[in-house]
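**Student:** coordinates only, sequence not included:
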């Protein structure tokens, strides 16, 4: 406010006798704001203005209290059993287009030729050495992708127990591995 407006206000308050009442309200309000809980309650009111706190130290203290209280509330929420934070929105769109022949070819080339085949017995070698068969597999994968129907054989695995030592007799002396069909491994692989 301008100095002229402030001067007129002071004159009006003095003439009306409201100056003493205004001072009493300010004194009571200041006493209330001495309590940290009261400051915290006040700063959360929708119409509260931080400028009502006279000195910068009180303003900074009120801000710090509010931030600390908010963090405490968030931490309490995160410690609740079963709490799952809301995932952030992805920063880039996912490529949901059907697999390209070059991607399938790359996955097959990176696979170990000596890798054990799955239950159907077809090894990676077949697709590495027979481009026409690879193209048929790619067509099948594109169809599965677009129709959203994945063959159950591609999702199925067979557990095989391999002995850890010679003359193994108890289950603890074996380790298990899951053999998947090569086609499923290719389809579900993450090609870049």
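**Tutor:** Sure, I can see it. Every value quoted in this text rests on a predicted model; they were computed, and no experiment measured them.

**Student:** now the helices: where do they sit in the protein?
**Tutor:** Using DSSP state H, the helices of the chain run over residues 3-16, 18-32, 36-43, 56-78, 101-110, 124-129, 131-147, 152-155, 182-188.

**Student:** mean pLDDT for those helices: which is lowest?
**Tutor:** Lowest mean pLDDT within those: helix 18-32, a mean of 59.

**Student:** return the set of buried residues in stretch 101-114.
**Tutor:** Of the residues in stretch 101-114, 103, 104, 105, 107, 108, 111 count as buried by neighbour count, 16 or more other Cβ atoms under 10 Å. Any C-beta I mention is one placed from the backbone N, CA and C, and that applies to glycine too.

**Student:** ok, for the second one, nearest residue in space, not its chain neighbours?
**Tutor:** Closest residue to residue 104 in three dimensions, ignoring its sequence neighbours and counting by Cβ to Cβ, 6 or more residues apart in numbering: residue 138, at 5.0 Å.

**Student:** burial measure for the one you found, as a count.
**Tutor:** Look at residue 138: counted by other Cβ atoms under 10 Å, it has 21 neighbours.

**Student:** I'm done for today, thanks for sticking with me.
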